[in-house]
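Next come a sequence and a model predicted from it.
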Amino acid sequence: MTATRDDVVLLRLPVRADLLVLARMTAATVASRVGLAFEEIEDLRLAVEELCLSVVGGTASGSVELTFHSEPHAVRVDCAYEPGPVSPEPLGAAEGPQDDLSMKIVEALVDEFGIEESGGAPRAWLRKCGGEVVD
Amino acid sequence: MDTSFAISERTLEGATVLAVTGEIDVATAPSLRTRLVDAEDAGQRVVVVDLSGVNFVDSTALGVLVGAHKRLTAVGGSLRLVVTEPRIRKVLEITDLARVFPVFDNVEDAVGEQADG
């Protein structure tokens, strides 16, 4: 199957620890469709997870919307967080968010990324490109 | 490799060995933290986390390991990792944590303190 520039996959998730796996699964599927290699797909899975954790910031409330853009031998992922009611439950373990680790991981695994906050709603994006295609 | 998350525990030469399988992410990391805290509360000072059956770790998992490392070193103990999967080693290296944790190729070396550097 050949991905086109028009291929866009939208995924909207409640911020729940057990649902972030869906973001990783979607990333892997989209990356496979555009022809990324196994190692590149694994890089993208982890980077997308960290991107979500970064925008959510350890809060187990609200929702996160991911947009996966298929590009020629590359994937761009936009991630937007919509805050919800304040939850007493943290997302994940008691150590809390590991923002510094998340950013190190994303920076090392993708070709481009950015994060910004507008009106209290963090947004982030990344692009993972495939290596040279060998015929 | 078994992809379902599970933790098994045993004692080897006085050290607690937690063998983990599957993915350690924001959903499963709290379970690992609980097992680590239980071992610490039981008085264990040397804890080995065997990650040779793990195929995914995220920053939440790393945070749990760093937390246990800090608590154990504060009481004169140590947290040691067994890592055989290149992907897990890669994540430790890009986060500079490969220089923080003693990392071993197998459980026997980890218990025997023969770090591979």
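All right, it came through fine. Residues are numbered from 1 along each chain as shown, chains lettered A, B, ... in the order given.

which parts of the helix or strand harbouring residue A:11 are buried?
Under the criterion DSSP states H and E, the helix or strand holding residue A:11 is strand A:8-14. Within strand A:8-14, the residues scored as buried using 16 or more other Cβ atoms under 10 Å in any protein chain shown are A:9, A:11, A:13. C-beta coordinates here come from the backbone N, C-alpha and C atoms, glycine included.

Quick one: list the elements packing against it.
Packing partners of strand A:8-14 (3 or more Cβ pairs under 8 Å, 6 or more residues apart in numbering or on different chains; DSSP states H and E): helix A:20-33, strand A:63-71.

Not counting sequence-adjacent ones, nearest residue to the residue most central in space within chain A?
In chain A, the residue lying closest to the centroid (Cα atoms, centre = their mean) is residue A:48, at 2.5 Å. Excluding the flanking residues, the one nearest residue A:48 by Cβ to Cβ, 6 or more residues apart in numbering or on different chains is residue A:27, at 4.3 Å.

Check which element follows the longest helix along chain B along the chain.
As assigned by DSSP state H, the longest helix anywhere in chain B is helix B:59-74. Counting by DSSP H and E, the element after helix B:59-74 in chain order, helix or strand, is strand B:78-82.

Would you mind writing the CA trace of that following strand as PDB?
The C-alpha trace of strand B:78-82 is given here as PDB (Å, rounded to 0.1, in the frame of the first residue of the first chain):
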ATOM      1  CA  SER B  78      22.400  -0.300  44.800                       C
ATOM      2  CA  LEU B  79      20.100  -0.900  41.900                       C
ATOM      3  CA  ARG B  80      21.600  -2.900  39.100                       C
ATOM      4  CA  LEU B  81      20.200  -3.400  35.700                       C
ATOM      5  CA  VAL B  82      20.400  -6.400  33.300                       C
END
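
Packing partners of the very next helix or strand once past it?
Counting by DSSP H and E, the element after strand B:78-82 in chain order, helix or strand, is helix B:86-94. Contacts defined by 3+ Cβ pairs under 8 Å, 6+ apart place helix B:86-94 against helix A:99-109, strand B:46-57.

Among those, single out whichever gets nearest to residue B:27.
strand B:46-57 (11.2 Å; Cβ to Cβ).

Given the closest one, what are its sheet partners and their directions?
strand B:15-24 (parallel), strand B:78-82 (parallel) (DSSP bridges).

Single out the most deeply packed of those.
Across the strands paired with strand B:46-57, the average number of neighbours (mean count of other Cβ atoms under 10 Å in any protein chain shown) peaks for strand B:78-82, which reaches a mean of 23.

right, and the helices and strands packed on helix B:86-94 - which one's nearest residue A:123?
helix A:99-109 (14.0 Å).

Give me the buried positions along that closest one.
A:101, A:102, A:103, A:104, A:105, A:106, A:109.

Ok, stretch A:107-117 next?
A:109, A:110, A:113, A:115.

State the number of residues packed around residue B:83.
25 (other Cβ atoms under 10 Å in any protein chain shown).

pretty sure it is touching residue B:53, no?
No. Residue B:83 is not in contact with residue B:53 according to Cβ atoms under 8 Å; the separation is 10.9 Å.
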